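**Student:** Structure of the sequence below:
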Amino acid sequence: MALNETKENGITIITVNGNLDAEGTQDMEERVIGLLENGERSLLFDFSDLDYINSSGLRVLVLAYQRLKKNQGSVAICGIKDYIQEVFEVSGYDKIFPLYPNRTDAISGM
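**Tutor:** Sure, this is the predicted structure:
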């Protein structure tokens with residue numbers, strides 16, 4: 001798994017490539033916690049190149065959501081593949097996280 005971090009219109013975008021499993025989740029959690037501790041208030045996870053996510057990966061998303069919500073921040077997800085969107089729908093996470101088809105729509109929607 002590879003993480004890439006960019007900033008656009010005041011939103012930090014974390015692009016995740018590969019599999020977000022137990023091994024990759026720790027890296028992402030450390031990155032997200034670091035951003036939040038440094039005062040980041042808007043996170044966009046770009047999952048266009050994400051191939052797999054497990055419960056550990058979902059837990060990191062919930063962690064970001066809870067911390068940002070407490071501080072009037074926002075978190076969204078874009079570029080989600082159909083089979084990964086099914087995971088979000090079955091788990092009910094599609095009700096928690098705004099899901100956008102692409103980065104452009106997400107940035108304008110946040």
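**Student:** Please identify the helix or strand for residue 23.
**Tutor:** In the assignment (DSSP states H and E), residue 23 maps to helix 22-37.
**Student:** Could I get the contacting residues of residue 100?
**Tutor:** Contacts for residue 100 (CB atoms under 8 Å, 6 or more residues apart in numbering) come out as 76, 77, 78, 79, 106, 109. Just so you know, the C-beta spots here come from the backbone N, C-alpha and C atoms, and that holds for glycine as well.
**Student:** Export the residues you listed as CSV, with columns for neighbour count, secondary structure and distance to residue 10.
**Tutor:** Shown next, in CSV, are these (neighbours: other CB atoms under 10 Å; DSSP: H, G, I helix; E, B strand; the rest coil; distance: CB to CB, whole Å):
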residue, neighbour count, secondary structure, distance to residue 10
76, 21, strand, 13
77, 24, strand, 18
78, 23, strand, 16
79, 21, coil, 20
106, 22, helix, 13
109, 12, helix, 14
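**Student:** before we move on, back to that, which elements pack onto the helix holding residue 23?
**Tutor:** Under the contact criterion of 3 or more CB pairs under 8 Å, 6 or more residues apart in numbering; DSSP states H and E, helix 22-37 touches strand 2-8, strand 11-20, helix 55-70.
**Student:** Go through these and pick out the most buried.
**Tutor:** strand 11-20 (a mean of 19; mean count of other CB atoms under 10 Å).
**Student:** coming back round to it: kindly export the helix holding residue 23 (C-alpha atoms) in CSV.
**Tutor:** C-alpha atoms of helix 22-37 as CSV (Å, rounded to 0.1, in the frame of the first residue of the first chain):
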residue,chain,number,x,y,z
ALA,A,22,-3.8,-4.7,8.7
GLU,A,23,-0.3,-3.9,7.4
GLY,A,24,-1.2,-0.7,5.6
THR,A,25,-3.6,0.5,8.2
GLN,A,26,-0.9,1.4,10.7
ASP,A,27,0.8,3.7,8.3
MET,A,28,-2.5,5.4,7.4
GLU,A,29,-3.5,5.7,11.1
GLU,A,30,-0.2,7.4,11.9
ARG,A,31,-0.5,9.8,9.0
VAL,A,32,-4.1,10.7,9.9
ILE,A,33,-3.4,11.2,13.6
GLY,A,34,-0.4,13.4,12.7
LEU,A,35,-2.6,15.5,10.4
LEU,A,36,-5.3,15.9,13.0
GLU,A,37,-2.8,16.7,15.8
